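1. Build me a structure from this.
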Amino acid sequence: MKKNYILAFFIFLMIWVPLFAEEFKVAIFDFDVREKNEPSIAKHIEKQLLKTGLTFSKIEHFSGQDSEITSLRVLTKLDAKNYDLVITITSDSMVPATHALKNTPWLFTNINNPRFFGIRDALNPGAKKSGVTYYVPVVKQIKFFNEVLNKKLTKIGVIFDYYAKSRRAELVEFREACLKLNINYEIKLIKEAKELKEVTQELLDENVEAIIITSSGKLYNNIDTIIDIANSKKVPIFSVNKKGVVNGALSAIASDYYKMVDENLIPMAVDVLKHGLNPGHMPVQYLKKPFIYLNLTQAKKLNLEISDVIKQRASKKY
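-> The predicted structure is shown next:
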């Protein structure tokens, strides 16, 4: 009889306890507009949240429609709707979120160096926010690019998208890194993709030995314009993001956004939702080992001999 009572009790737990489990409401905000069927970090975050075993009443997606004003308006509304957590995506989301999210715990991902976005103490960011950065120090990136070119790099050209918010962080760092490494540099800013042809030619006329494209979909999506001109002079293109390498850049050293979500962001979200931790007291995280992306097809076009050591270190080769 006693065994029957115990069995009945466990059956009760299995059936009824889930019905009383706390349900969480999460908003995922992306500054950019994504194609409906395009794989995205936002969709991946939702997928991974659902695997945690937590119960959600809502996981909703929002976009800033590529607009700071729209982003600020949307995030302000979210802050008033009692979400348990808001997750923001990209550096462009960081600034409006910092101004709009006052009451709601939030986590960011896919951002550049956090200290350029108001976070002075990465171990204790405060203001109910923390998250994951893809940041790889510019000095480390340029050193690696120099290794790829067999340490013969003396002058680089760097192209920035004038409208990319990450420019404010990256531009200063590139200058400081080049000065530290004793490498000459030329910096160009573009507002429209149609300017890329002229800017690339200007850099080549200034005898740069490599061109680096920085964080911007405008640059990644129009990299063909840069490569077609640079290839004629056998000048390699490097990228701060793997998207550049996929589209033809020679190499990049960067964090993998999906791996950051799996290893860093989701455990942080669980700590906030399940354990009630304040993100403001959680250290900003990053991948311990950034990935190396290498385009051997492009190296062949440039008649560049890539060392076996670099090839073995590469996380992904194209």
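2. could you give the mean pLDDT of stretch 22-38?
-> The average of the pLDDT scores along stretch 22-38 is 88.
3. List the buried residues for it?
-> Residues of stretch 22-38 classed as buried under the neighbour-count rule (16 or more other CB atoms under 10 Å) are 24, 25, 26, 27, 28, 29, 30, 31. The C-beta positions use only the backbone N, C-alpha and C, and glycine is treated the same way.
4. would you list these in TSV and tack on distance to residue 241?
-> Converted to TSV, the buried residues of stretch 22-38 look like this (distance: CB to CB, whole Å):
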residue	distance to residue 241
24	32
25	32
26	26
27	26
28	21
29	21
30	16
31	16
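5. Which two of those have the greatest separation?
-> 24 and 31 (23.3 Å; CB to CB).
6. can you redo the buried residues of stretch 22-38 as TSV with secondary structure and distance to residue 198?
-> Converted to TSV, the buried residues of stretch 22-38 look like this (DSSP: H, G, I helix; E, B strand; the rest coil; distance: CB to CB, whole Å):
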residue	secondary structure	distance to residue 198
24	strand	51
25	strand	49
26	strand	45
27	strand	42
28	strand	39
29	strand	36
30	strand	32
31	coil	28
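7. Just want the most central residue of the protein.
-> Geometric centre of the chain, nearest residue: residue 110, 2.7 Å, by CA atoms, centre = their mean.
8. could you dump the helix or strand hosting that one to CSV, C-alpha only?
-> Element membership of residue 110, judged by DSSP states H and E, is strand 106-111. Output of strand 106-111 as CSV, limited to C-alpha atoms (Å, rounded to 0.1, in the frame of the first residue of the first chain):
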residue,chain,number,x,y,z
TRP,A,106,19.0,42.8,-20.3
LEU,A,107,21.8,40.9,-22.0
PHE,A,108,23.6,42.0,-25.2
THR,A,109,25.4,39.9,-27.7
ASN,A,110,27.4,40.6,-30.9
ILE,A,111,28.8,43.9,-29.6
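9. What lies in contact with the helix or strand residue 297 falls within?
-> Secondary structure assignment for residue 297, by DSSP H and E: helix 296-301. When contacts are taken as CB atoms under 8 Å, 6 or more residues apart in numbering, the neighbours of helix 296-301 outside the stretch itself are 227, 231, 236, 237, 248, 249, 250, 305, 306, 311, 317, 318.
10. hey, what's residue 63 bridged with?
-> For residue 63, the beta-bridge assignment (DSSP bridges) gives partners residue 30.
11. Each with direction, which strands does the helix or strand containing residue 158 pair with?
-> Assigned by DSSP H and E, residue 158 falls within strand 155-161. The pairing partners recorded for strand 155-161 under DSSP bridges are strand 184-190 (parallel), strand 210-213 (parallel).
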